[in-house]
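A.B. asks: No sequence on hand, only this structure:
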C-alpha cells in the first residue's frame, strides 16, 4: 500500500515550511520563495521550528546561499544511499513542453515514478505522457542521452471568424480591360452578371468559437475573440430578418462596392449626351451615357459610364468609367474611377483611380491606389491610401505636386460628408418633432371642445325630450296654461342643438385634418429616423473597412519625379530637394546613428 504520510520540510535559507510526502525524503527541491534548491529532510509534524537564527542567518544573502550549498553537500555525504538526480526537468520558454535533460549517462535505470516526481516538483501537471509512453522513452534512451519530451500542453485552436459567401461574381472585368503596356480598353467590359428579383446574393457563415489551450502548468491560454463581420445591403438588395442572407429586390446587375455593400442595379441607357434633352439624371441603377455629360447637368446613380464628363457634379455609388476625359467636374464615388485624362477636377472615390494619359491641375483623393503607369501628373494634389504608381510627377515648368500616401483621406472625407448629412437630418427631425408636438396639443384642445359640444348636444336633447313629453301630457289633459311657453322652449333647444351639432361637425373635420397632418409628419419622421440609422451604419462600415484595409505609404515613379514635390505619409513628410529618376519612395523606421533611437523617414531608393 502506498505511503501517503507527509512531513514538514524547512528551507534552510528563508525557513519557509512545506508539507511534503515522506517518500520524497532525500530528494532535491526548489524553494518557491527564495529559489534555493535543498535536500528534503523531515521533522515531526508536532515539532516547532527554532526561532533562534543559526550562524548562516547572520551572513549576507550570497554567503548564506553558499553556506546552504555547503550544508547540502555535507548532508549528501552523511546520508548513505542519497545520490544526485540523474536528470533535470526543464520547461520550454512557451511553457508548452516539459523535457528531461541529462548531464551524463544514468548510473542506474530511471523509473517512471522518478520522472513523475520530478515533474511534480517543477509544478508540471498537464499533458503528461502516460506510464507506458514514459517507459518506452526511457527504454529507447540513446547514448549519450538526449532531452526527452515527457509532457506537452494543449495547443490553442483559434476561432474562425464569420465570413460572407457571395453568390455572384464580386470582381468581374468591370469597366475595362488593362492591355499590355498599360493601355485601358474601356469597351471590353467582359460579361456583366445579372440576377432576378428574389435571388440569393450572399450568406453569412457562422464561423467557429475556437478552443482555449493549456500549458504544462495547467494555466489556460485563452483564444482571441473572432471579429464579427456584417452583411450590408444598399439599393436593390435587402437582408433577411436574421441578418444572415441578402436577396435581390429587383432584376439587374449585382455589385459589391469597395466598402463591402451589396447592391443590385438596373440599367439606364442614354444614346447621346446628358444635356437639355435629358435634364439632370438620377437613377438607382447603371447609367450608360454614350455621349458627353454637359456642363451643369448633374448625374446621380449606381454605376456610370460616359464618353466625357465636363464641369458638373457627379455622385455615384459604384464604379465610374470615362472613355475620354474629365474636365472641371466634381466627382464623388464609392467605387473605382478610370479615365483617359483628368483636368481641373475634384475627385473623391473609395476605390482606385486609374488614368491612362495625364492629370493636370486636379485634386484627387482615393481610398485605394492611384495608378498611372504611363502618364504624367502636373500641378496636382493626389492622395491615395494604397500608394501611387506613375510614370512622371511634375516638370521643369509646372508647379510642384503634393502627394499623400498611406492615409485614408477619402474615407475620412466620406465620413465627414455623411456626418453633415446626418446633422441636417437631425435638425429636420427636431423640427418635425416640434411641429408634431404643437399639433398634438392642438388636437387635444379640439378633442376637449368636441367633448363639450357633445355634452351641450346631449343635455339639450335630453331636456327637449322631457319637455316634449310634458307638452304632450298637458295637451292631452287640456291644460293650456304653459303649453305655449313649453313650445317656445322646445324651439329654442332645437336651435341650440343644431348650433352645437354644426360646431361639433366643424371641429371634428378640423381635428381630422390635424390628425392626418400628424400622421403624415410621423411617417416622414420615421423615414428620417431610418435614414439617420442608415447613415450611422454607413459611417461605421466605412470606418471599419478603412481601418481593416490598412495602407501603403509608397510612391513608385517609372521615370522622373521633380524637385519640390512634397510626399506625406502617416508619420513623416519629405520635400524633394532635387529631381529623382526611376525611384521608389517609402515611409520606414530607421535608427539614428548617434542615439540609436527609432525614427520615421521617407526613404528614396532606385527601382530594381
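C.D. replies: Thanks, I have the structure now. Not measured: the values here are computed from a predicted model.

A.B. asks: Tell me where the stretch 301-450 of the chain has strands.
C.D. replies: 304-306, 308-309, 313-316, 320-322, 325-327, 330-333, 337-343, 346-349, 353-360, 363-366, 370-378, 381-384, 388-393, 402-405 (DSSP state E, counting those that start in this stretch).

A.B. asks: who's in contact with the third one?
C.D. replies: To tie it back to what came earlier, the one meant is strand 313-316. Contact partners of strand 313-316, identified using CB atoms under 8 Å, 6 or more residues apart in numbering, comprise 293, 298-304, 320, 329-335. All C-beta atoms are positioned from the backbone trio N, CA, C, and that covers glycine.

A.B. asks: Just give me the closest of these to residue 429.
C.D. replies: residue 300 (23.3 Å; CB to CB).

A.B. asks: Next, that closest one: phi, psi?
C.D. replies: Main-chain dihedrals, residue 300, degrees, to the nearest 10: phi -140, psi 130.

A.B. asks: Local confidence estimate at it?
C.D. replies: We note a pLDDT of 93 for residue 300 in this prediction.

A.B. asks: Then residue 72?
C.D. replies: For residue 72, pLDDT reads 45.

A.B. asks: helices or strands next to the strand or helix carrying residue 530 in the packing?
C.D. replies: Following DSSP states H and E, one finds residue 530 within helix 483-549. On a contact count with 3 or more CB pairs under 8 Å, 6 or more residues apart in numbering; DSSP states H and E, helix 483-549 meets helix 409-477.

A.B. asks: what about 10 Å?
C.D. replies: The contact analysis (3 or more CB pairs under 10 Å, 6 or more residues apart in numbering; DSSP states H and E) places helix 483-549 against strand 232-233, strand 261-265, helix 409-477.

A.B. asks: Next, the closest residue to residue 600 other than its chain neighbours: secondary structure please.
C.D. replies: Among residues not flanking residue 600 along the chain, residue 571 sits closest, at 3.8 Å (CB to CB, 6 or more residues apart in numbering). Per DSSP: H, G, I helix; E, B strand; the rest coil, the local secondary structure of residue 571 is coil.

A.B. asks: Give me the distance between residue 571 and residue 144.
C.D. replies: To residue 144, residue 571 is 54 Å away according to CB to CB, to the nearest Å.

A.B. asks: Could you do residue 459 as well?
C.D. replies: 118 Å.

A.B. asks: Compare those two (neighbour count), which wins?
C.D. replies: Neighbours per residue (other CB atoms under 10 Å) separate residue 459 from residue 144, with residue 459 holding more: 14 against 9.

A.B. asks: show me what contacts that one?
C.D. replies: 493, 496-497, 500 (CB atoms under 10 Å, 6 or more residues apart in numbering).

A.B. asks: Lowest-scoring secondary structure element of this structure by mean pLDDT?
C.D. replies: helix 61-78 (a mean of 45; mean pLDDT, DSSP states H and E).

A.B. asks: after that one, next one along is what?
C.D. replies: Assigned by DSSP H and E, the successor of helix 61-78 is strand 88-91.

A.B. asks: Check which residues of the next helix or strand after that following strand are buried.
C.D. replies: Under the assignment DSSP H and E, the closest C-terminal helix or strand after strand 88-91 is strand 97-101. Using 16 or more other CB atoms under 10 Å as the test for burial, strand 97-101 gives 97-100.

A.B. asks: can you put those in TSV and add distance to residue 129 and pLDDT?
C.D. replies: Formatted as TSV, the buried residues of strand 97-101 follow (distance: CB to CB, whole Å; pLDDT from 0 to 100):
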residue	distance to residue 129	pLDDT
97	11	92
98	10	91
99	12	89
100	11	85
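
A.B. asks: ok, those vs residue 602, which is closest?
C.D. replies: When the buried residues of strand 97-101 are compared against residue 602 (criterion: CB to CB), the nearest one is residue 97, at 45.0 Å.

A.B. asks: hang on, the earlier thing: do you know which of the helices and strands packed on helix 483-549 lies nearest residue 559?
C.D. replies: helix 409-477 (26.2 Å).

A.B. asks: What is the distance between that closest one and the centre of its chain?
C.D. replies: Offset of helix 409-477 from its chain centre (CA atoms, centre = their mean, to the nearest Å): 46 Å.

A.B. asks: where's the closest residue to residue 281 other than its chain neighbours relative to residue 275, distance?
C.D. replies: Distances taken as CB to CB, 6+ apart put residue 299 closest to residue 281, at 4.7 Å, once the chain neighbours are dropped. From residue 299 across to residue 275, the span is 11 Å (CB to CB).
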